[in-house]
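need a 3D model of the following:
(one chain, ligands or ions: 2)
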Amino acid sequence: MTGSILEIRDLRVAFTGAAKPVRAVDGVDLALVPGEVVALLGESGSGKSVTLRSILRLHPENKTRIEGSIVAAGIDVMALSGAALADFRGKTVSMIFQEPMLALDPVYTLGAQITEAIRKHESGVSADAARKRALGLFERVRIPSPERRLDSYPHELSGGMRQRAMIALALACNPKVLLADEPTTALDATVQVQILLLLRELQRELDLAMIFVTHDIGVGVEVADRIAVMYAGRIVEIGAVRDVIRAPRHPYTIGLLSTRAQGGRLSGKRLPTITGSPPDLASLPPGCAFAPRCSSATSACLEAAPAAVELGHGHAVRCIHTAAVA
Ligand SMILES: Nc1ncnc2c1ncn2[C@@H]1O[C@H](COP(=O)(O)OP(=O)(O)OP(=O)(O)O)[C@@H](O)[C@H]1O
Ligand SMILES: [Mg+2]
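Residues are numbered from 1 along each chain as shown. Ligands and ions are numbered 1, 2, ... in the order given. Here you go, the predicted model:
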């Protein structure tokens, strides 16, 4: 896509540590323009986190086979190594996690971690100037008593405040793309809403492109411009939020959204469980991976993995039956 700030093409990730490779991501294409938010939905194990981690090249190199291309802000991510990769992380693409302690170091104060991140990426910034920026970031993410909190250690903050501090750290070097992996799931409902509103506000203000992984369809609808639904390492449906919500076309998406048909509100709904179990990623069937659980499946579904069918306005579905009626 022209003008993309992030473009992932035919991403394939297999973990090779066990006897049979685990194909966690199996041909993902996804492009975002600046300022765009894509919500990534899909049941546990569908490859959402692996996709995000690939963008920052966080997988163990010796046990992972990764193919395809990822270009972020004009940078060929697959070609990065050493200092260039370290510089890319946080400066071009940043990530926030469900558990802030994954990103924060327990033995340093929050202020020290943020100033270090700034000075690592921008040579020539004095300690004082970096501290001023850290203070500005804490004010921006609305941490009360920001000056004092800069001198706190991560464990001294509540979960919600820690999440705010992690967002401040993620934004410290003005990234262009933010990856958010279930950033509110571990928080109380009211705190979740506050963090979500804050993220949305910052994303708009800073014109950040964002991929937002969530289990909560309502959250996806609230934050995103587009929804991408993953199943067994593939995006099986993608489109503008209103198109996917009003007219889901993949049987898996239809299943996920079935709570709506029962009159339930979308907000606060975790993904419903669909009958059957997810496939074994170490021995995926040759055809559509969803076929064994799909009530519309026919023998043709078992032959080859379905190609993406474009339905218009960027709404695309991987299902041969959708192709038949389109
Ligand atoms: N380092 C690894 N080595 C081997 N297998 C892995 C590794 N990381 C992830 N996997 C496997 O890849 C698959 C996809 O995992 P991933 O973490 O992306 O799922 P997810 O969609 O984020 O699920 P969840 O909603 O539970 O977070 C899973 O089967 C997982 O066990
Ligand atoms: Mg995950």
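
what's the domain layout of the protein?
As assigned by automatic domain parsing, the chain contains the domains 6-92+176-273, 103-174.

export those domains to a markdown table and tack on distance to E303, mean neighbour count and mean pLDDT?
(C-beta placed from N, C-alpha, C; glycine too.) What follows is those, written out as a markdown table (distance: least, Cβ to Cβ, whole Å; neighbours: other Cβ atoms under 10 Å; pLDDT from 0 to 100):
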| stretch | distance to E303 | mean neighbour count | mean pLDDT |
| --- | --- | --- | --- |
| domain 6-92+176-273 | 16 | 19 | 91 |
| domain 103-174 | 44 | 18 | 95 |
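
including distance to ligand 1, could those go into a markdown table?
As requested, the domains of the chain are exported to a markdown table (distance: least, Cβ to the nearest ligand atom, whole Å):
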| stretch | distance to ligand 1 |
| --- | --- |
| domain 6-92+176-273 | 3 |
| domain 103-174 | 16 |
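
report the secondary structure state of S49.
The three-state assignment at S49 reads helix, by DSSP: H, G, I helix; E, B strand; the rest coil.

what sits against R246?
Counting by Cβ atoms under 8 Å, 6 or more residues apart in numbering, R246 makes contact with nothing.

of the domains of the chain, which approaches D280 most closely?
Of all the domains of the chain, it is domain 6-92+176-273 that lies closest to D280, at 8.8 Å by Cβ to Cβ.

using CSV, lay out the domains of the chain together with distance to F290.
Listed next are these as CSV, based on distance: least, Cβ to Cβ, whole Å:
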stretch, distance to F290
domain 6-92+176-273, 5
domain 103-174, 34
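
among these, which is nearest H315?
Smallest distance to H315 across these (Cβ to Cβ): 3.3 Å, for domain 6-92+176-273.

what's the longest helix anywhere in the chain packed up against?
Ranked by residue count and defined by DSSP state H, the top helix of the chain is helix 189-206. Applying 3 or more Cβ pairs under 8 Å, 6 or more residues apart in numbering; DSSP states H and E, one finds that helix 189-206 contacts helix 159-171, helix 217-223.
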